[in-house]
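Asker: The sequence and its predicted three-dimensional model are supplied below.
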Amino acid sequence: MNGLNQADHFDDLASEMELQKMNGHGGHSRDDGFDDLAEQEDNLLNKTGVKKEIHFTDFEGKTSFGMSVFNLSNAIMGSGILGLAFAMSNTGIILFLILLVSIALLSAYSIHLLLKSAGVVGIRAYEQLGLRAFGQPGKMIAAGIITMHNIGAMSSYLFIVKSELPLVIQTFLGKHVNTGEWFLNGNYLIIIVSIAIILPLALMKHLGYLGYTSSFSLSCMVFFLISVIYKKFNIPCPLDDQTHNTTSATAVHAVFNSTSDFCEAKLFTVNSQTAYTIPILAFAFVCHPEVLPIYTELRNATKKRMQRVANISILAMFVMYLLTAIFGYLTFYGAVESELLHVYSRVDQLDVLILCVRLAVLVAVTLTVPVVLFPIRRALLQIFFPDKPFHWARHVVIAFCLIFMVNILVIFVPSIRDIFGLIGATSAPSLIFILPGIFYVRIIPKEKEPLFSRPKIQAAVFAALGFVFMVMSLSFIIIDWVTGESRSGGGH
Ligand SMILES: NC(=O)C[C@H](N)C(=O)O
C-alpha cells in the first residue's frame, strides 16, 4: 500500500547527514556535496565521451531491480482501487479506459521529470527538490502537500474500517441486517480501533516490522481482485434489493430509472458524478513521494533503470486497476458504490469468501494507518521543530492529535467518494503534475536546457495541465455538493 518504510529509512539517513553537517563533520554542505557529484559526473562524461555508470548520490543502493518494482507497486496500490469501479460506472468503459491510460502515462512522465531533476543535483527526497527549486518555501510547500495527501490517505483507510468492520461483526453474529447496536456502529468502532490498535502502533519509536505490512497489503489487494473476478460470475443483476430497501438503491433509481438500463454496461456515459473520475484515478496513481527514496536504494541506480522500474510498476498496477474496475462494474453496473467492497453486503451478508476478503482488507488498512502516520509526523516535526532532537512528548502528542483529527473527519464524511474527490482534486494533481513540472523548470540549469527548450516547455505545460485538472475537478465537485443531487456514493 505504500513504501513509506523506505522513505523512513532514507529520512533517517538524511537526518544523519544533516546531523553530521550540524556537527561540522560533513566538510561540505549537503547541496555542495551533490553539486560536486553532478560535476564529477560531467567530467566523467567529458573525459571519456561515454557516460560511465555512476550513482546519483553518495549512497550505494542495495535493492534489486525486482524488489524495487515490488516496492514501487506497493507505493502505488492502496485504497484508490476500491473507487475505480464507481469511476467506471460514471464514465462508461471506453471513457474510463482512455482516462486510465492517460493518467498512467502522465504519471510515468511525471516520474521522468522527478528523476531527471534529482539526477542533476543528486537528491533523494521530494521535499529536497522543493528546497533546491525554491528554497525553504519550496520545501515547506512540498512537505505541506505530502502531509495533506497522507492525512487524506489515512482517512480513506479509516473510512474502510468504518464501513467494513460493522459488516464483519454482523456476519460473525449471523445477522442479516444491521440491528443498530453500538458494536455495529462504524463510528464507535473506528474510535475503538484507533485507541486499541492504531495509537499504540503509532507511538512506537520506529516502524520496525510494521514496515513490512505494505507487502501484506498488496497481497490482500490481489486476493480482493481475484474475488471480484470470481464474484462477477456468481452475482445476478439486478440485485434483489435494487428495487427496495436501501437508500442508495433508491437514490440510484432517481438517476437510472429502468432495470434494463441499470444492468447494462455503458461504453460511454456522463453524469454529475463523472467529475470524481479524474480525482479518483489521480489518487490511485500517487506514489511520487516514494519514487526518490526507492531510486536511492536501487542497486546500480541510473535514471534509465529507475524509469524502467517505474514503467513496469505502473503497468502492473494499471492491469490490476483495469481488471478490478471492469469486473466490479460488470457485477453491479449502475448500483456500484464508491467503495466497491461495501456493495457485496447487498448480495449475501453471510458469504464466507467476502468475509475473508473483508477481514484481509481490514487488517491491511488498519496496519497501514500508522505506516502513513509516520511520514506526516516527520514532516510536521521538520516544519515546526527543525533541528530539535527526538522528544517523546512531541512524538506522542502529534500522533494523538493526528489520529483524533482523522477520526473526526471520518465520522463526519458521509462517503469515501468525498475523500477521494477532495484529495484527488488537490494534493494528488499537485504531487503528480504541478510540483514535478515546476521543480523541473527551476532545477535543470539554463545552460543545459534553456527556458524555452522543448523539454522545459513540455514540463511547464504539464504543470499547467495539473492546475487545470485541479480547478476543474474542484469546481465540479463543489457544484455537485451544492446542488446536492448526488447519487449516493455511500460506503456505509
Ligand atoms: N499512495 C497514495 O498516496 C495513495 C495510493 N495510490 C492509493 O491508491 O491509495
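Answerer: Done, it's in.
Asker: only C-alpha atoms for contact and neighbour calcs from this point on.
Answerer: OK.
Asker: can you pull the contacts of the most centrally placed residue in the chain?
Answerer: Residue closest to the average C-alpha location in the chain (Cα atoms, centre = their mean): V286, at 4.5 Å. V286 makes contacts with A75, I76, S107, A428, L431, I432, as judged by Cα atoms under 8 Å, 6 or more residues apart in numbering.
Asker: these two touch, right, F318 and L105?
Answerer: No. Counting by Cα atoms under 8 Å, F318 does not reach L105; the two are 10.0 Å apart.
Asker: Same drill for those two, tell me which one is more crowded.
Answerer: F318 (20 against 15; other Cα atoms under 10 Å).
Asker: dump the residue contacts of that one.
Answerer: So F318 contacts L100, V101, A104 (Cα under 8 Å, 6+ apart).
Asker: Tell me the helices and strands packed up against the helix or strand hosting M405.
Answerer: In this assignment (DSSP states H and E), M405 forms part of helix 392-412. Judged by 3 or more Cα pairs under 8 Å, 6 or more residues apart in numbering; DSSP states H and E, helix 392-412 is in contact with helix 126-172, helix 186-193, helix 199-202, helix 352-384.
Asker: Show me what secondary structure element comes after the helix or strand of the chain with the lowest mean pLDDT.
Answerer: Least confident helix or strand, the chain: helix 30-48 with a mean of 38, by mean pLDDT, DSSP states H and E. The first helix or strand that comes after helix 30-48 along the chain, using DSSP H and E, is helix 65-76.
Asker: So which of the contacts of V286 wins on neighbours?
Answerer: The contacts of V286, ranked by neighbours (other Cα under 10 Å): first place A428, 30 neighbours.
Asker: What ranges in the protein fall below the confidence cut-off?
Answerer: For the chain, applying pLDDT under 70 flags the ranges 1-59, 208, 211, 214, 240-261, 485-492.
Asker: all helices of the stretch 251-400 of the chain, in order?
Answerer: 259-262, 277-285, 288-297, 303-332, 340-343, 352-384, 392-412 (DSSP state H, counting those that start in this stretch).
Asker: nearest to the ligand, of those helices?
Answerer: If you check each of the helices of the stretch 251-400 of the chain against the ligand by Cα to the nearest ligand atom, helix 277-285 wins as the nearest, at 3.6 Å.
Asker: Quick check: residues of the stretch 101-250 of the chain near the ligand?
Answerer: Remark: the part of the stretch 101-250 of the chain in contact with the ligand comprises A153, using Cα under 6 Å from any ligand atom.
Asker: For the ligand, what's the nearest residue on the stretch 101-250 of the chain?
Answerer: Closest point on the stretch 101-250 of the chain to the ligand, by Cα to the nearest ligand atom, is A153, at 5.9 Å.
Asker: Return the residues of the stretch 251-400 of the chain in contact with the ligand.
Answerer: F283, A284, F285, V286, C287.
Asker: roughly how far apart are the fourth one and H149?
Answerer: Using Cα to Cα, to the nearest Å, V286 is found at 9 Å from H149.
Asker: do the same with the third one
Answerer: Remark: distance between F285 and H149 (Cα to Cα) = 12 Å.
Asker: Which of those two has more residues huddled nearby?
Answerer: F285 (28 against 24).
Asker: Skip the chain neighbours and tell me the closest residue to the more buried one.
Answerer: Counting by Cα to Cα, 6 or more residues apart in numbering, F285 lies nearest to I76, which is 5.5 Å off, once chain neighbours are set aside.
Asker: would you turn the helices and strands packed on helix 392-412 into a markdown table with distance to W392?
Answerer: Supplementary listing: the helices and strands packed on helix 392-412 in a markdown table, determined by distance: least, Cα to Cα, whole Å:
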| stretch | distance to W392 |
| --- | --- |
| helix 126-172 | 21 |
| helix 186-193 | 23 |
| helix 199-202 | 12 |
| helix 352-384 | 12 |
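Asker: Quick one: closest of those helices to L239.
Answerer: Comparing those by their distance to L239 (Cα to Cα), the top pick is helix 352-384, with 16.2 Å.
Asker: pretty sure T366 contacts L199?
Answerer: No. Using Cα under 8 Å, T366 is not in contact with L199, being 10.8 Å away.
Asker: so how many other residues sit close to the closest residue to L72 other than its chain neighbours?
Answerer: Spatial nearest neighbour of L72, excluding adjacent residues (Cα to Cα, 6+ apart): S313 at 6.2 Å. Residues within reach of S313, counting by other Cα under 10 Å, total 24.
Asker: Now do the same contact list for S313.
Answerer: If you count contacts by Cα under 8 Å, 6+ apart, then S313 has V69, F70, L72, S73 around it.
Asker: one step back: out of the contacts of F318, who's the most crowded?
Answerer: In those, the most neighbours by other Cα under 10 Å go to L100, 23 neighbours.
Asker: secondary structure element for it?
Answerer: Using DSSP H and E, L100 falls in helix 93-121.
Asker: Does that helix pack against any helices or strands, and if so which?
Answerer: Looks like helix 93-121 contacts helix 30-48, helix 277-285, helix 288-297, helix 303-332, helix 435-443 (3+ Cα pairs under 8 Å, 6+ apart).
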